[in-house]
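1. model the following, please.
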Amino acid sequence: MRPRRGQAALTASPVLVGAVTVLVTIVAVFLSYNANSGLPFVPTYDLKANLPNAAQLVKGFEVRIGGARVGFISKIEPRKRADGSAYAQVTIKLDKEIEPVPADSTLLVRPRSSLGLKYIELTPGAGRAGLPAGSTIPVRQARPAVVELDDLFSMFDDKTRVGSRNSLDGFGGGLAGRGQDINTAIPAFVPLLADLEPVARNLSDPDTRLNRFFASIARAAEEAAPVAEEQASLFVNLDTSFTAFASIARPFLQETISESPASEQVAIRDFPRQRPFIRNNTAFFRELRPGVAVLPHAAPIVADAFEAGTEVLPKTEQMNEDLADVFQALSDFSDDESARQGVRELARLSSSLRPTLRFLTPTQTTCNYATIFLRNVASLLSEGDANGNYQRFLVVAAPSDPLTFELGPNNEAGPSAAPADGPERHNHLHVNPYPNAAAPGQTHECEGGNERYAVGQTVIGNMPGDQGLKTDGQP
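-> Numbering: from 1, shown residues only. Modelled structure (predicted):
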């Protein structure tokens, strides 16, 4: 078969073949070089986006949706707000197929690799309104920048590494062998955190004015700064005092400690007998109130009496002069507004303590709990055998199955997901964290220590019924 005349003429010219080859190569190189900037004659969907920071973004970086490339960055320009702050505006060319992008779409600059390459992650919104070509995505729809690896590693400077190493050494030695205690503490933190949440909410409330608290602390520190030397002398004197105590630790302080249980036993026996004396003192001081009320009026009269005494006691002239200076100083002190403010604050303190004392008084006067506490402390420190005090070596076994000796579910011998609630008859939690003590607003009963043990029942809180007012050593 013979080739056609035109075809033979085309292939027969080396110059023409070379020119065509060079032209094809140039076109291929041009298309490859501009591939990241878009192919010519291909329509695109152009948008602008404002970013808080365009650091490490370069023209030609990709724009992705769900990991798939949908466009590229064609331009990056700095912009300035009216208040002087700066931001970046990028122009992105997107594929025509995704037009329009919802107006509530968000942008996020994400790392493409550990070498510092970036791309923009475009997350389409759920709104129906779309962005027309040429629109600008506001900066409020740009999410925070991803933390860079070099920013992360820059935290671990020499001081930080030394501090981390010392912390690991300290925590390692402090936490070694305390795993069981930590496991027990973790569930105990749950009520603490539950109570901490409203406290933190109150502290963060602007009406709390927590910033004024720190400013007040700063002013208090400024007031304490002039007396820093006196405080330092105080600690030096305390060291001298404790050094003196060390010289008499044995046998004097040792004997005091060893004799304390016997003294506490005497106090337990005699404190109930002090009630008539306390009642009489209460009545006595109640009767003294009228006399104390007239003291401000009687003070000048007493001063006149001392002034008249200087005339009849000439041999004590020097003493009278000293007394005059003393009373002058007392007069100046009484005129000092800060002293009056202190007296008023003491009166307020007494008034604020009155409900607390009214609440706590029946704990001893009705239920005898303070006396019982001292008696039990004395027994705890004194009773025992050759091994030592009972509290030091006795082990209280947790309730278990009498046949298999297996602990029931949620047994109190270790961490549990809930209070012990059977199935064995003794594997039930009995706890009363806030027993009634005949205080105002409570049932008139001495509940602590008088709760009846309910076999086979879980009891948390106050026992039903009245436990009476009789306690150990209390009729």
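2. OK, contacts around the residue nearest to Thr443 when sequence neighbours are not counted?
-> Leaving aside its chain neighbours, Thr443 sits nearest to Asn436 (4.7 Å; criterion: CB to CB, 6 or more residues apart in numbering). C-beta: built from backbone N, CA, C; applies to glycine. Asn436 makes contact with 442-443, 445-448, 462, 467, according to CB atoms under 8 Å, 6 or more residues apart in numbering.
3. from those residues, which is closest to Arg69?
-> Using CB to CB, Asn462 is the member of the contacts of Asn436 that sits closest to Arg69, with 68.6 Å.
4. how close does the closest one sit to Lys470?
-> Separation of Asn462 from Lys470 (CB to CB, to the nearest Å) stands at 18 Å.
5. between those two, who's got more neighbours?
-> The residue with more neighbours, out of Asn462 and Lys470, is Asn462; 17 against 13, by other CB atoms under 10 Å.
6. would you agree the more buried one is in contact with His430?
-> No - the pair Asn462 and His430 does not pass the contact test of CB atoms under 8 Å, sitting 12.0 Å apart.
7. returning to that earlier point: among the contacts of Asn436, which are located in strands?
-> Among the contacts of Asn436, no member falls in strands (DSSP state E).
8. element containing Thr361?
-> Following DSSP states H and E, the helix or strand that holds Thr361 is helix 337-365.
9. elements contacting that helix?
-> helix 369-382 (3 or more CB pairs under 8 Å, 6 or more residues apart in numbering; DSSP states H and E).
10. packing partners for the helix it packs on?
-> Going by 3+ CB pairs under 8 Å, 6+ apart, helix 369-382 lies up against helix 254-270, helix 337-365, strand 388-389.
11. now do 6 Å
-> In terms of contact count using 3 or more CB pairs under 6 Å, 6 or more residues apart in numbering; DSSP states H and E, helix 369-382 is assigned the packing partners helix 254-270.
12. tilt between the helix it packs on and helix 369-382?
-> Counting by axes from the mean of the first three to the mean of the last three CA atoms, to 10 degrees, helix 254-270 lies at 140 degrees to helix 369-382.
13. so how far is the following helix or strand past helix 254-270 from its chain's centroid?
-> Next in sequence after helix 254-270, counting helices and strands by DSSP H and E, comes helix 275-293. Mean C-alpha position of helix 275-293 versus that of the full chain (CA atoms, centre = their mean, to the nearest Å) differs by 46 Å.
14. convert the C-alpha atoms of helix 275-293 to CSV, please.
-> Listed next in CSV are the C-alpha coordinates belonging to helix 275-293 (Å, rounded to 0.1, in the frame of the first residue of the first chain):
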residue,chain,number,x,y,z
ARG,A,275,-23.6,22.6,133.5
PRO,A,276,-25.0,24.4,136.6
PHE,A,277,-21.9,26.6,136.7
ILE,A,278,-22.3,27.5,133.0
ARG,A,279,-26.0,28.2,133.5
ASN,A,280,-25.2,30.5,136.5
ASN,A,281,-22.5,32.3,134.5
THR,A,282,-24.9,32.8,131.7
ALA,A,283,-27.4,34.4,134.1
PHE,A,284,-24.6,36.5,135.7
PHE,A,285,-23.4,38.0,132.5
ARG,A,286,-27.0,38.6,131.5
GLU,A,287,-27.4,40.7,134.6
LEU,A,288,-24.1,42.5,133.9
ARG,A,289,-25.4,43.9,130.6
PRO,A,290,-27.1,47.0,132.2
GLY,A,291,-23.9,47.9,133.9
VAL,A,292,-21.8,47.5,130.8
ALA,A,293,-24.2,49.7,128.9
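15. average pLDDT for it?
-> Average pLDDT, helix 275-293: 86.
16. swap in stretch 309-320?
-> Mean pLDDT, stretch 309-320: 67.
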